[in-house]
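Q: please work out how this folds:
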Amino acid sequence: MGQRPARAVLDILRGEGVDRVFGNPGTTELPFLAALADAHGEPEYVLGVHEGSVVAMADGYARGTGRPAFVSLHIAAGLANGLIGLLNARRSRTPSS
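A: Sure thing, here's the model as predicted:
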């Protein structure tokens, strides 16, 4: 049952032209990671060691390529650690879909 929403997210990402998912996963992201593994690496998953660096990588990728990037963070503390990067991307007008 957990795979269906994850597959739907992947379908949406593909429809938006996202070819990279930047992430620092926790246990709640396991269904999404399993669906991504079943998709044979499309989009490609880029693992980061801290939420701040993950958001910065996605921001740099979007700026450098003009393509949308998707960030997958763990709930609560993961999101809190990534918020400053999200604010920076918004204020810098990083391209988004």
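
Q: okay, CA-based contacts and neighbour counts for the rest of this
A: OK.

Q: what about the protein, any weak spots by pLDDT?
A: Segments of the chain classed as low confidence (criterion: pLDDT under 70) are 1-3, 41, 96-97.

Q: one more time with 80, if that's ok
A: Along the chain, the parts satisfying pLDDT under 80 run over 1-3, 41, 76, 95-97.

Q: just want the most central residue of it.
A: By CA atoms, centre = their mean, the chain has its centre lying nearest to Val71, at 2.1 Å.

Q: under a three-state scheme, what state does that one occupy?
A: What DSSP: H, G, I helix; E, B strand; the rest coil gives for Val71 is strand.

Q: hang on, isn't it packed against Ala58?
A: Yes. Using CA atoms under 8 Å as the test, Val71 is close enough to Ala58 to be in contact (6.8 Å).

Q: shared neighbours, those two?
A: Contact criterion CA atoms under 8 Å, 6 or more residues apart in numbering; residues bridging Val71 and Ala58 by contacting each: 21-22.

Q: can you show me the helices along this protein?
A: Assigned by DSSP state H, the chain shows helices spanning 3-15, 30-38, 51-65, 77-91.

Q: can you redo the ones you listed as a markdown table with mean neighbour count and distance to Tyr45?
A: Written out in a markdown table, the entries for the helices of the chain read as follows (neighbours: other CA atoms under 10 Å; distance: least, CA to CA, whole Å):
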| stretch | mean neighbour count | distance to Tyr45 |
| --- | --- | --- |
| helix 3-15 | 15 | 12 |
| helix 30-38 | 17 | 8 |
| helix 51-65 | 20 | 11 |
| helix 77-91 | 15 | 17 |
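
Q: among those helices, which is nearest Val21?
A: The stretch from the helices of the chain with the least distance to Val21 (CA to CA) is helix 51-65; that distance is 8.0 Å.

Q: and for that closest one, what's in contact with it?
A: The set of residues external to helix 51-65 that reach it, using CA under 8 Å, 6+ apart, is 21-24, 47-48, 67-71, 73, 78-79, 81-86, 89, 94-96.

Q: 6 Å instead, please
A: For helix 51-65, the external contacting residues (CA atoms under 6 Å, 6 or more residues apart in numbering) are 22-23, 48, 68-69, 78, 81-82, 85, 94.

Q: just how off-centre is that helix within its chain?
A: Taking CA atoms, centre = their mean, to the nearest Å, one finds helix 51-65 lying 10 Å from the centre of the chain it belongs to.
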